[in-house]
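> pasting the sequence and the predicted coordinates here, then a few questions.
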Amino acid sequence: MTSHSAVSNSQNKSLASKIGQQRDIIGSNPICSHTVASKIGQQRDIIGSNPICSHTWAPKIGQQRDIIGSIPICSHTWAPKIGQQRDIIGSIPICSHTWAPKIGQQRDIIGSIPICSHTWAPEIGQQRDIIGSIPICSHTWAPKIGQQRDIIGSIPICSHTWAPKIGQQRDIIGSIPICSHTWAPKIGQQRDIIGSIPICSHTWAPKIGQQRDIIGSIPICSHTWAPKIGQQRDIIGSIPIYTRTVASKIGQQRDIIGSVQSVLIQWHQR
């Protein structure tokens with residue numbers, strides 16, 4: 001790439017984070033512009049010269065309004081402290097949520113019709129979901145000992161037993177074992193099995209930035225990355241598909257698909 005094209009391509013993405021502006025360009029074609037004023041909660045998105053969507057929100061008082069062109073499409077009003085939210089399309093209320101996180105209760109309403117209720121007790125590991133007055137699903141889990149059972153009505157559908165310390169998990173539908181996972185995070189190995197059939201193996205070394213995925217005995221994808229120097233390469237079989245080089249300190253990124261230079265991005269940081 002010549003220095004002239006590098007300067008030209010450096011304009012592909014211009015970000016002024018302090019005033020909240022960003023412009024995305026494919027080749028020489030602008031595709032989307034974003035203007036954000038996070039302090040007062042305003043955002044406007046434009047494709048070419050056509051405004052597509054505006055957002056106005058006030059997080060402190062819990063209000064948000066989304067507009068396409070000049071048409072209001074959705075409004076949200078919520079009070080996080082007391083656990084209430086109401087969503088409106090135009091002037092039509094569509095959904096209300098009331099929840100009490102401390103005591104583990106939530107109720108969702110469309111118009112005046114209750115659609116779903118949730119009651120859960122995270123400390124003792126229980127949850128029950130109800131549509132109208134019909135119980136649909138119950139969950140009982142014991143995270144410390146690694147067990148979970150899910151029930152639809154009175155029918156057990158799925159059980160999970162796992163031992164995070166030794167890296168084993170087994171999933172069962174009814175009485176049929178469906179999938180087993182064995183992993184060793186410290187040495188970076190994982191193997192997934194359906195019934196007695198091995199389906200996928202993963203070997204990774206996070207410290208040196210390498211990962212290899214295998215289906216059966218067929219290698220499918222390899223990843224090599226070096227976060228400190230900002231490089232990543234992905235390979236399917238023996239075919240390189242994607243290369244990325246990033247220099248976050250000086251605000252540059254280069255992405256390559258195969259051997260084709262796709263985009264050079266330079267951005268301005270605070």
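Yes, it's here.
> so P240 touches I257, yeah?
No. Using CB atoms under 8 Å, P240 makes no contact with I257, being 9.2 Å away. In this view, the C-beta of every residue, glycine as well, is placed from N, C-alpha and C.
> which intervals of the stretch 151-270 of the chain have sub-threshold pLDDT?
261-266, 268-270 (pLDDT under 70).
> residue ranges for the strands of it, please.
With DSSP state E, counting those that start in this stretch, the ranges of strands along the stretch 151-270 of the chain come out as 155-163, 168-173, 176-184, 189-194, 197-205, 210-215, 218-226, 231-236, 239-247, 252-257, 260-266.
> which strand or helix spans D66?
Applying DSSP states H and E as the criterion places D66 in strand 63-68.
> before we move on, what about I61?
Assigned by DSSP H and E, I61 falls outside every helix and strand.
> quick revisit: output the strands of the stretch 151-270 of the chain in a markdown table; the columns should cover mean neighbour count and distance to Q85.
Output for the strands of the stretch 151-270 of the chain, formatted as a markdown table (neighbours: other CB atoms under 10 Å; distance: least, CB to CB, whole Å):
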| stretch | mean neighbour count | distance to Q85 |
| --- | --- | --- |
| strand 155-163 | 14 | 30 |
| strand 168-173 | 16 | 33 |
| strand 176-184 | 14 | 36 |
| strand 189-194 | 16 | 38 |
| strand 197-205 | 14 | 39 |
| strand 210-215 | 16 | 40 |
| strand 218-226 | 15 | 40 |
| strand 231-236 | 16 | 39 |
| strand 239-247 | 15 | 38 |
| strand 252-257 | 16 | 37 |
| strand 260-266 | 15 | 37 |
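> so which of the ones you listed gets nearest I113?
strand 155-163 (26.0 Å; CB to CB).
> export the closest one to PDB, keeping only CA atoms.
Coordinates of each C-alpha in strand 155-163 appear next as PDB, following Å, rounded to 0.1, in the frame of the first residue of the first chain:
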ATOM      1  CA  ILE A 155     -42.000 -33.300  32.900                       C
ATOM      2  CA  PRO A 156     -38.200 -33.300  33.500                       C
ATOM      3  CA  ILE A 157     -36.600 -32.100  30.300                       C
ATOM      4  CA  CYS A 158     -32.900 -31.600  31.000                       C
ATOM      5  CA  SER A 159     -30.400 -32.200  33.800                       C
ATOM      6  CA  HIS A 160     -26.900 -30.800  34.000                       C
ATOM      7  CA  THR A 161     -24.200 -32.100  36.300                       C
ATOM      8  CA  TRP A 162     -20.800 -30.400  36.300                       C
ATOM      9  CA  ALA A 163     -17.700 -30.200  38.400                       C
END
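> show me what it pairs with in its sheet, parallel or antiparallel.
According to DSSP bridges, strand 155-163 has the following sheet partners: strand 147-152 (antiparallel), strand 168-173 (antiparallel).
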